[in-house]
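In: Sharing a model prediction with you, sequence too.
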Amino acid sequence: MVFLSVSFVIHPQHNTMALSKESKALLQAQVELWNQTLSFMKSVALAVALDLRIPDTLRHHGGAATLPQILSGIGINPCRHDEPVYKLTTVSCLLTGDDVGENTASSLSPMLSHVLYPFHDSVLSVGLTAWFRHDEEPSKCPYALMHGVTLWEMCGSSEALNASINNAMAADSRFLVPIVVEECGGIFRGIDSLVDVAGGVGGAAATIAAAFPSLKCMVLDLPHVIAKAPSVSNVQFVAGDMFESIPPANAIFLKYVLHDWGDDKCIKLLKNCKQAIPSRDAGGKIIIIDIVVGSSPSDIKLLETQVLCDLYFMEIGGVERDEQEWKKIFLAAGFKDYNIMPLGLRSIIELYP
Ligand SMILES: C[S@@+](CC[C@H](N)C(=O)[O-])C[C@H]1O[C@@H](n2cnc3c(N)ncnc32)[C@H](O)[C@@H]1O
């Protein structure tokens, strides 16, 4: 640990870019849409909290409990040792059941459970509740617990799901990457080769290659995704596993990838990326596009949307990270410096070896 903290010479910069009016409006509209779309996660979270009887557990502990106490109260093996104490509020008091006497006459739990019925019953809620209760295979995410395979493995056997995710990600890239190129194209200057790792069917690479014709672009993704990629001028497609190896290049591009994975997998992936690029002096860097939770803390709607994304991606074992959580995995993967540029919901992070 001492070695790591001494070797990590980080002077992170936070550049708040002066965006054009059009880009600002588009990015704000995207936040609105994600916020609206993911609002159902509030209902899912409430349904899961009621299924797990979290408010009742707090009440049984006199109205306040630590996380290990809550976990053992709801029958989950406490494996973490967080110290914060969680207290019943006036709102959560109304969610406690009527089986423990005092002050529960006003419980709204039966009413809310009824209204939340479609959410209690959803694959997502059932999967999350089962995942919280299940501690035999802690490495399995809720999706894998429910379906027996990961989302990415499922895409390999379901044409429809593969097409749906590839189309979704291509649309996201068609929206965001032109803004990235227009507003912060400088991040690609001085690079002569780039691998878009887990780059899907090449939506991002196509825009980058068109904007920087002298840049040699490559997309790496799983075979069932690469098989569906259209041919794009100046972009080479390679099928492979990013946790095995990554083709060498000046820069690696990772858009909306790291948030799909827990810390150990991210560290493994970032170490593979580090092996694929030259030193910082020789132009080596990683360009990450992902959420940095709290990137604009005064924007409450944005923060809420980022937290809703965190809840949503929990299903596939993903997590949205704040700056300290990003820094922790960068450090563990052996990187020395980074630079964050907030861009609406997400941020661009330039990461240097
Ligand atoms: C959320 S999508 C992001 C796609 C693209 N970066 C974008 O933003 O449009 C995640 C991608 O990771 C790919 N992926 C998952 N596991 C992978 C692996 N082991 N090696 C390479 N790609 C992988 C998936 O096939 C999928 O295309």
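Out: Cool, got the structure. Numbering: from 1, shown residues only.
In: What residue in the stretch 1-150 of the chain comes nearest to the ligand?
Out: Nearest residue of the stretch 1-150 of the chain to the ligand: Thr150, at 8.1 Å (C-beta to the nearest ligand atom). Using the backbone N, CA and C atoms, a C-beta is placed for each residue, glycine as well.
In: which residues touch that residue?
Out: Contact analysis of Thr150 by C-beta atoms under 8 Å, 6 or more residues apart in numbering lists Cys141, Tyr143, Ala144, Ile316, Gly317.
In: what about it, distance to Ala251?
Out: Separation of Thr150 from Ala251 (C-beta to C-beta, to the nearest Å) stands at 28 Å.
In: do the same with Asp241
Out: For Asp241, the distance to Ala251 equals 20 Å [C-beta to C-beta].
In: What lies in contact with the helix or strand containing Phe132?
Out: Applying DSSP states H and E as the criterion places Phe132 in helix 123-133. In this structure, residues lying in contact with helix 123-133 by C-beta under 8 Å, 6+ apart are 44, 47-48, 51-52, 74-76, 119-120, 140-143, 145-146, 314-315.
In: Mind giving me the packing neighbours of the helix or strand following it?
Out: Per DSSP H and E, the first helix or strand lying C-terminal to helix 123-133 is helix 142-147. The contact analysis (3 or more C-beta pairs under 8 Å, 6 or more residues apart in numbering; DSSP states H and E) places helix 142-147 against helix 123-133, helix 151-157.
In: which bits of the stretch 251-353 of the chain sit near the ligand?
Out: Residues of the stretch 251-353 of the chain found near the ligand (C-beta under 6 Å from any ligand atom) are Lys255, Tyr256, Val257, Asp260.
In: So Asp241 and Ala251 - more neighbours on which side?
Out: Between Asp241 and Ala251, counting by other C-beta atoms under 10 Å, Ala251 is the more crowded of the two (24 against 13).
In: Provide the partner residues of the more buried one in its beta bridges.
Out: Beta-bridge partners for Ala251, by DSSP bridges, are Leu194, Lys285.
In: Quick one, grab the pLDDT at it.
Out: Looking at Ala251, its pLDDT is 97.
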